[in-house]
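Q: Any chance you could fold what I've pasted below:
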Amino acid sequence: EPAIKLKNTYQSDRLLLDAYKTFLTKVSNEVAARGTKADEFLVSLIDTLRNKVKLITIPVTSDEDANLFFESLNARGKELAISDLVKNRLYLEAANDVDRVEQLWEKMEKDLDKRPIPEFIRHYWIAKKREKDSPNVREKNLYRMVSNEIKNNQNEAVALAIDLGVSALDYARISDYSSWPDDNAYGSSFEESLKDLRLFRITQMNPVLLNAIQNFSSAADIAKTFRIVANFAFRYFIIGNQSTGNVEKVAANIAFEIRDKTYTSPSHIADALRGINSDPTFRSDFNLASIEGKRMGRYILSRITNHMAKQATPTGGEQIANPDAREVNLEHVYPESRPASWNGDFSKGINPADYVYRIGNLTLLLAKPNRNAADKSFADKKTIALNASNLKVNDFFRPLSKWGDKEIDQRQDGFAKAALEVWKL
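A: Take a look at the predicted model:
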């Protein structure tokens, strides 16, 4: 116990001591639980340790030998993080600058603040090293790429460690609004862009964002790039339901063009992204989209509601400042319970279940009216909640007497037209 608390104990030794303490505790607990029969357990454990556990000592005479052995373990199937391999290769090539590189690496880890280091290094390599139209950078090939870059070159190793450190700070800013400087361009709208990216959980565009941060001199251009990328992520992944792997090469090529100074403004990035997700494609996808996640549903409806309120004249309408579940509730107009009494409003041959999660069937209500509306008929829902709502997204219901597939399609088509403005590139 005292040894574990020593300040000068190496981390590797501390981990071994922690492991020893863990096993000692488990064995002690097992012995206590077995009581008078503990001897049987202890004899079996000792026999196993003596006859089946083997410890091997492999002396190495230099740091290079140690690193080569470390690599050979990985080549033989021992699972090691790619970041461990890269780190040790940097230490090896840094030679007499190894202390400096160690400090740079430790600071990089701290700045990333629990963000996955292998993912950062891969995105860094895509952003800073990958050539246009070259194969995708796979994590399994990343170590070989790094090794080829710095092999037998101390200066390159140190330069790479320095740039990784600088880029780690910028990379962390992609998902941390608090780390951005005080600038009008980085106001509430920019904060919304970062929130959207976190909501979508799409990281494949991070190389583009990293290069925009490091190459665009204008704060306004950087902020606009974030909004374009967030809008693209929504259009392509959330509504288009496309695979993340499909866009990686496109993102890598855009990152290259930024680094190469061919793309010098957000409009260049928008043009490139429209090449794989045009407005007609997005509108067509949106017309047929279904959303089952309530958080995403609230996000979509709140953005459309606010857009419609801004477009309304002369006084606009009520807007949603916070689409949190505590503030607004997502309502399925045709209920999730799919009551048979509603089926008569749907066209012949149409399965009403296919329309439950269509965006045109979703709306937002204040939490209290929603609980009262619940699974009521459409007429009752109108009286209890829909007609009383001041949200522009609910104006569509007022003249209607029934709710079926035709009404849902019509409402969703109106939303799709608004979506072109809300999530424009």
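Q: what about P135, which helix or strand?
A: P135 belongs to no helix or strand when assigned by DSSP states H and E.
Q: show me the contacts for it.
A: Shown in contact with P135 (C-beta atoms under 8 Å, 6 or more residues apart in numbering): no residues. Where C-beta positions appear, they are placed from N, C-alpha and C, glycine not excepted.
Q: what residue ranges in the stretch 51-200 of the chain score low on pLDDT?
A: 56-80 (pLDDT under 70).
Q: hmm, 80 instead?
A: Along the stretch 51-200 of the chain, the model assigns pLDDT under 80 to residues 54-81.
Q: Please report how far L104 lies from Y263.
A: According to C-beta to C-beta, to the nearest Å, L104 stands 30 Å off from Y263.
Q: and what of A419?
A: Distance from A419 to Y263, by C-beta to C-beta: 26 Å.
Q: and if you look at R358?
A: 37 Å.
Q: And these two? Which one has more around it.
A: When R358 and Y263 are compared for neighbours, Y263 comes out ahead with 24 against 21, by other C-beta atoms under 10 Å.
Q: State the helix or strand in which that one lies.
A: With DSSP H and E as the test, Y263 turns up in no helix or strand.
Q: Please name the nearest non-neighbouring residue to it.
A: Of all residues not flanking Y263 in the chain, E257 sits nearest, at 4.1 Å (C-beta to C-beta, 6 or more residues apart in numbering).
Q: How about L199?
A: That would be Y299: by C-beta to C-beta, 6+ apart, it lies 6.3 Å from L199.
Q: number of nearby residues for the one you found?
A: Y299: 20 neighbours (other C-beta under 10 Å).
Q: Now the host helix or strand of it: buried residues?
A: Counting by DSSP H and E, the element that carries Y299 is helix 294-311. Neighbour counts over helix 294-311 (16 or more other C-beta atoms under 10 Å) mark 296-309 as buried.
Q: same check, this time on stretch 148-158
A: E149, I150, A157, V158.
Q: residues contacting the closest residue to E336 other than its chain neighbours?
A: Using C-beta to C-beta, 6+ apart and skipping residues adjacent in sequence, the residue nearest E336 is V356, 5.7 Å away. Neighbour list for V356: H332, Y334, P335, E336, R338 [criterion: C-beta under 8 Å, 6+ apart].
Q: Tell me the bridge partners for the first one.
A: Right, the one you point to is H332. L362 (DSSP bridges).
Q: So it sits against Y357, correct?
A: Yes - with contact defined as C-beta atoms under 8 Å, H332 counts as touching Y357 (7.5 Å).
Q: circling back to that earlier point, tabulate the buried residues of stretch 148-158 in a markdown table, adding columns for secondary structure and distance to A81.
A: Below are the buried residues of stretch 148-158 laid out as a markdown table (DSSP: H, G, I helix; E, B strand; the rest coil; distance: C-beta to C-beta, whole Å):
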| residue | secondary structure | distance to A81 |
| --- | --- | --- |
| E149 | helix | 19 |
| I150 | helix | 18 |
| A157 | helix | 19 |
| V158 | helix | 22 |
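Q: Return the strand or helix carrying D84 as PDB; C-alpha atoms alone will do.
A: Secondary structure assignment for D84, by DSSP H and E: helix 82-94. Only the C-alpha atoms of helix 82-94 are listed here, as PDB (Å, rounded to 0.1, in the frame of the first residue of the first chain):
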ATOM      1  CA  ILE A  82      -2.000   2.200 -32.300                       C
ATOM      2  CA  SER A  83      -1.200   5.200 -30.100                       C
ATOM      3  CA  ASP A  84       1.200   3.100 -28.000                       C
ATOM      4  CA  LEU A  85       3.000   2.000 -31.100                       C
ATOM      5  CA  VAL A  86       3.200   5.500 -32.500                       C
ATOM      6  CA  LYS A  87       4.400   6.900 -29.100                       C
ATOM      7  CA  ASN A  88       7.100   4.400 -28.700                       C
ATOM      8  CA  ARG A  89       8.300   4.900 -32.300                       C
ATOM      9  CA  LEU A  90       8.500   8.600 -31.700                       C
ATOM     10  CA  TYR A  91      10.500   8.000 -28.500                       C
ATOM     11  CA  LEU A  92      12.900   5.800 -30.400                       C
ATOM     12  CA  GLU A  93      13.500   8.100 -33.300                       C
ATOM     13  CA  ALA A  94      13.800  11.200 -31.000                       C
END
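Q: Can you point out the buried residues in that helix?
A: Buried residues in helix 82-94, counted by 16+ other C-beta under 10 Å: I82, S83, L85, V86, K87, N88, R89, L90, Y91, L92, E93, A94.
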